[in-house]
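**Q** model this:
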Amino acid sequence: MATNADTSIANALKVNKSHELAKCTIKAPSYSYAHLELLNTEASKTGDLDALQVKSYCTAALKQFLGITGTAIPLDILKVERQSCWLRLPRDDLGAFAAAITAWQGTTQDDVHSTLRIIGCSDWLGALVGQQNEEKLWAG
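**A** Predicted structure coming up:
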């Protein structure tokens, strides 16, 4: 004869049919991500960014801020779209990279001054996706 305790244990086992196979928590990811935007003094002469420009601008900023050591920071260009680009870099170098881009004065060509602006930085790429129109929400 089954007791009430046996019945409740059997019911609890029937309800929990899923099993956790593995659990992993990433506390400190290896990489960080940055979303940059190209700014020009003349909007009419604005061209789209390309990967070569992004690499050149970032290298110039890092070299100016940190010297030859700054050029050793590995940058992965994930996507370039119109005036925006997304980069991946080592997590430990994000602070130095952000400081270098912020301090960089930019470049002038054909009387058009161009520079990069940081839209956002994060240890998680998902936190940066979809931030393009965030300013319009609050400026409207």
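**Q** dig out what Q109 forms beta bridges with.
**A** In this entry, Q109 is beta-bridged to V112, by DSSP bridges.
**Q** and it, how many neighbours?
**A** Residues within reach of Q109, counting by other CB atoms under 10 Å, total 8. Where C-beta positions appear, they are placed from N, C-alpha and C, glycine not excepted.
**Q** and it, what's its pLDDT?
**A** Each residue has a pLDDT score; the one for Q109 is 83.
**Q** E37 now?
**A** Reported pLDDT for E37: 92.
**Q** quick one: contacts for it?
**A** Counting by CB atoms under 8 Å, 6 or more residues apart in numbering, E37 makes contact with 83-85, 116-117, 119.
**Q** for F65, helix, strand, or coil?
**A** State at F65, reduced to three classes by DSSP: H, G, I helix; E, B strand; the rest coil: helix.
**Q** find the nearest non-adjacent residue to it, please.
**A** Nearest non-adjacent residue to F65, counting by CB to CB, 6 or more residues apart in numbering: A100, 3.6 Å away.
**Q** one more: W104?
**A** In space, W104 is closest to A61, 3.5 Å off (CB to CB, 6+ apart).
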